[in-house]
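Chemist: need coordinates for the below:
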Amino acid sequence: MPLTAFQIKTSHPLEREQALEKMRRSGKGGLLLNTCQRLEFYTWDDSVREDISPSRQWNDAVAFERLARIAAGLESRILGELEILGQVRAAYKSFRDAHGAVSHAKLDRIFQDALALARRARRESGIDKNLTSLASLSARVLIDHVAVGAPVAVVGTGSMAGSVARYLSKRGRSPVRVCSRCPDRAMTLALEVGGFGAGLDDLAHQLNGVAGIVCATAAPHPVVYPHHIGQTSTPLLIVDLGVPPDCDEAVMRAPHVRYMGLEAMEAQAQVNTEMRREKADIAARIIRDGALAWARAL
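Modeler: This is a model prediction of the structure:
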């Protein structure tokens with residue numbers, strides 16, 4: 001079965017939302033990978049190009065290699081980042097939930113093989129050994145700077161936000177509040193971490209009295225505005241992992257806010273960069289050889 005990967009680049013959040021809606025409505029089965037850094041679609045149906053107007057395209061073994069490289073963290077700004085593997089897994093789960101493993105068995109097998117190859121490349125190269133993930137680093141920043149017992153909030157319920165909430169629950173000593181566009185998902189994550197959950201409509205109430213906030217949504221526009229933080233603690237620490245930022249500029253400049261954006265967190269996570277580049281070369285060779293072997297077997 002041929003495999004095609006499409007990359008869609010957008011210059012404005014509204015364009016991204018429109019591209020996402022086109023892919024969802026196209027009826028072409030495939031894996032949709034929507035993260036803060038990329039928007040890509042993996043399918044067997046080349047005609048999807050007519051619906052989404054991609055900026056780049058990969059075919060067959062190169063498309064397979066592309067997906068494995070992303071899952072291994074080789075296409076990330078932090079080499080070997082851990083969150084992207086979970087995001088690809090989540091995209092694969094969404095594909096299975098939407099289409100089932102039986103109706104698209106061959107495509108399902110391709111995605112399983114790509115994930116397995118990415119995990120092998122990580123394991124054998126050691127690219128993510130001793131790597132500090134953005135989620136754990138963000139949670140530790142809150143733990144180190146927020147008084148014990150002071151409530152903290154996580155805005156978002158995606159892979160990154162979920163990892164932050166779980167880390168705070170296991171290692172922190174502060175109650176965790178979860179807010180999301182989908183109240184049900186917020187409640188589910190909150191129950192998992194022993195906290196409270198609510199929708200974004202109740203954001204101001206949920207942020208009342210919090211001393212720290214981690215934002216990690218895929219929203220195309222800010223979700224945290226000055227009126228949301230009017231009753232928070234002083235000082236207030238905000239770690240914003242959103243792309244584009246989840247906080248309005250007025251929030252970033254608020255006098256009682258210490259704001260840390262994605263670039264600041266990435267700079268702290270960039271440890272042993274030169275060593276990881278060498279390991280990235282090893283991982284890339286493993287994936288390249290694996291993609292060629294996959295193509296021959298196909």
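
Chemist: what's the longest helix in this protein?
Modeler: When the chain is parsed with DSSP state H, its longest helix is helix 273-297.

Chemist: for it, packing partners?
Modeler: Packing contacts for helix 273-297, counted by 3 or more Cβ pairs under 8 Å, 6 or more residues apart in numbering; DSSP states H and E, involve helix 60-71, helix 105-125. C-beta: built from backbone N, CA, C; applies to glycine.

Chemist: list the contacts of the longest one.
Modeler: The one in question is helix 105-125. Residues outside helix 105-125 that contact it (Cβ atoms under 8 Å, 6 or more residues apart in numbering) are 1, 3, 29-31, 42-44, 64, 67-73, 80, 85, 88-89, 92, 95-96, 101, 127-128, 279-280, 282-284, 286-287, 290-291, 294.

Chemist: give me the angle between it and helix 273-297.
Modeler: Interaxial angle, helix 105-125 versus helix 273-297 (axes from the mean of the first three to the mean of the last three Cα atoms, to 10 degrees): 140 degrees.

Chemist: same question, the shortest one
Modeler: Direction vectors for helix 60-71 and helix 273-297, defined by the same axes, to 10 degrees, enclose an angle of 150 degrees.

Chemist: so how far is helix 60-71 off the chain centroid?
Modeler: Helix 60-71 sits 18 Å away from the centroid of its parent chain (Cα atoms, centre = their mean, to the nearest Å).

Chemist: for it, the averaged confidence score.
Modeler: Taken as a whole, helix 60-71 has an average pLDDT of 95.

Chemist: tell me the buried residues in that helix?
Modeler: For helix 60-71, the buried set under the neighbour-count rule, 16 or more other Cβ atoms under 10 Å, comprises 60, 61, 63, 64, 65, 66, 67, 68, 69, 70, 71.

Chemist: so the fifth one sits against residue 291, correct?
Modeler: What that stands for is residue 65. Yes - counting by Cβ atoms under 8 Å, residue 65 touches residue 291, with 3.7 Å between them.

Chemist: thinking again about what came up before, which residues are contacting the longest helix of the chain?
Modeler: 60-62, 64-65, 68-69, 72, 74, 79-80, 113, 117-118, 120-122, 124-127, 129, 131.

Chemist: and stretch 206-213, by the same measure?
Modeler: With Cβ under 8 Å, 6+ apart as the test, stretch 206-213 has contacts from 142, 145-147, 150-155, 174, 177, 179, 196, 198, 224, 228-229, 231-233, 235-239.

Chemist: hmm, 6 Å instead?
Modeler: If you take Cβ atoms under 6 Å, 6 or more residues apart in numbering as the criterion, stretch 206-213 is touched by 142, 146, 150-153, 177, 179, 198, 228, 231-233, 237-238.

Chemist: so which of those belong to helices?
Modeler: Among those, the members found in helices (DSSP H) are residue 142.

Chemist: what is the mean pLDDT for the longest helix of the chain?
Modeler: The predicted model assigns helix 273-297 a mean pLDDT of 90.

Chemist: can I get stretch 128-136 in CSV, CA atoms only?
Modeler: Taking C-alpha atoms only, stretch 128-136 is exported to CSV below (Å, rounded to 0.1, in the frame of the first residue of the first chain):
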residue,chain,number,x,y,z
ASP,A,128,16.4,10.9,25.1
LYS,A,129,18.5,9.5,28.0
ASN,A,130,18.7,12.0,30.8
LEU,A,131,16.7,14.4,28.7
THR,A,132,14.5,16.8,30.7
SER,A,133,11.1,17.0,29.1
LEU,A,134,9.3,20.3,28.8
ALA,A,135,6.4,18.9,30.9
SER,A,136,8.5,17.8,33.8
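
Chemist: counting neighbours, what do you get for the closest residue to residue 9 other than its chain neighbours?
Modeler: Distance criterion Cβ to Cβ, 6 or more residues apart in numbering; nearest residue to residue 9, sequence neighbours excluded, is residue 55 at 4.3 Å. If you count neighbours by other Cβ atoms under 10 Å, residue 55 ends up with 11.

Chemist: hmm, residue 55 is touching residue 10, no?
Modeler: No - look at residue 55 against residue 10 with Cβ atoms under 6 Å: they stay out of range, at 9.0 Å.

Chemist: can you say which of the contacts of helix 105-125 are buried?
Modeler: Among those, the ones that count as buried by 16+ other Cβ under 10 Å are 3, 29-31, 42-44, 64, 67-73, 80, 85, 88-89, 92, 95, 127-128, 279-280, 283-284, 286-287, 290-291, 294.

Chemist: about what we covered before: just the buried residues of helix 60-71 now: which is nearest residue 258?
Modeler: Comparing these against residue 258 with Cβ to Cβ picks out residue 70 as the nearest, at 32.7 Å.
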